[in-house]
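Engineer: heads up, no residue letters with this:
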């Protein structure tokens, strides 16, 4: 069975943005698209409440949605599913071992980022598949918006990030985009306000070391994706702030999320959490070991 690109589908404008983004991406990858609508109510109750088969779906119903997307992307295979259950659980289960899960989220305006609901947060924290969160504004026009703007990837050189880099490089190559690899680092508090000048020396040394670490992390992926033009950005700063700033003119922002197998609750990491709330563009969260 081929891997699929799965999109969470409902009647909202945010979901429509996600469906359009997912359809374009599935067509680019040559993969089937699965539109998944999750009903929390039991079928009998749901039918009596909605009053029509198409309620809750973009484009007025599953068949109309599939037809509209096939017309937009000739040759695209579209599957529609209407599944009862808890949304976060159903979405995570459906995306397991699949290519990609795409969700929509309401934007908070030009000066803010995403309105991150509990379902999206739970899915992002638990999914073993990369999750892309799309703002409704991103597909407000008919243009293929994700082909404009480069790919920005946050790189943490202190831990393995191959899955994150592979996703970012592959997306950049697939869409013919340039890529910016951003690593931000901070000085230890003991050097802040140091009057002896030791801070300047330490900062210079750390700047050299972090630049070398970033270049080393990128080297095998540059070799694997020689057609992708990469700009390295290594700076003294805060990762979340710098990534949000970089998202202003980006087509996609890619961040990692360390998989946690025993920690209770919802954990996505402070940087990913901040980026998801404040990014100005679509965000891909890639789980890694």
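Structural biologist: Perfect, I can see it now. Here the structure is a predicted model, which is why all the values come from computation and not from measurement. Residues are numbered from 1 along each chain as shown.
Engineer: what pLDDT does the residue nearest the centre of the chain get?
Structural biologist: Nearest residue to the geometric centre of the chain (C-alpha atoms, centre = their mean): residue 284, 1.4 Å. With respect to pLDDT, residue 284 scores 96.
Engineer: Now do the contacts for it.
Structural biologist: Going by C-beta atoms under 8 Å, 6 or more residues apart in numbering, residue 284 touches 130, 131, 132, 167, 168, 171, 252, 253, 254, 255. Just so you know, the C-beta spots here come from the backbone N, C-alpha and C atoms, and that holds for glycine as well.
Engineer: Go through those and give me the one with the most neighbours.
Structural biologist: Counting neighbours by other C-beta atoms under 10 Å, residue 168 leads the contacts of residue 284 with 31 neighbours.
Engineer: Wait, a strand at that residue?
Structural biologist: No - with DSSP: H, G, I helix; E, B strand; the rest coil as the criterion, residue 168 is assigned helix and is not in a strand.
Engineer: tell me the SS of the nearest residue to it once chain neighbours are set aside?
Structural biologist: Spatially, and ignoring its direct neighbours in sequence, residue 168 is nearest to residue 153 (3.8 Å; C-beta to C-beta, 6 or more residues apart in numbering). With three-state DSSP as the basis, residue 153 sits in strand.
Engineer: Equivalent analysis for the one 3 residues further on, please.
Structural biologist: Counting by three-state DSSP, the backbone at residue 156 sits in coil.
Engineer: Over to the one 3 residues further on?
Structural biologist: The three-state label given to residue 159 by three-state DSSP is coil.
Engineer: partners of the residue lying closest to it once chain neighbours are set aside in the sheet?
Structural biologist: Distances taken as C-beta to C-beta, 6+ apart put residue 258 closest to residue 159, at 7.3 Å, once the chain neighbours are dropped. Here residue 258 sits in beta bridges with residue 288, going by DSSP bridges.
Engineer: Any buried residues in the helix or strand harbouring residue 79, and which?
Structural biologist: Here residue 79, judged by DSSP states H and E, is contained in strand 78-84. For strand 78-84, a neighbour-count test (16 or more other C-beta atoms under 10 Å) marks 78, 80, 82 as buried.
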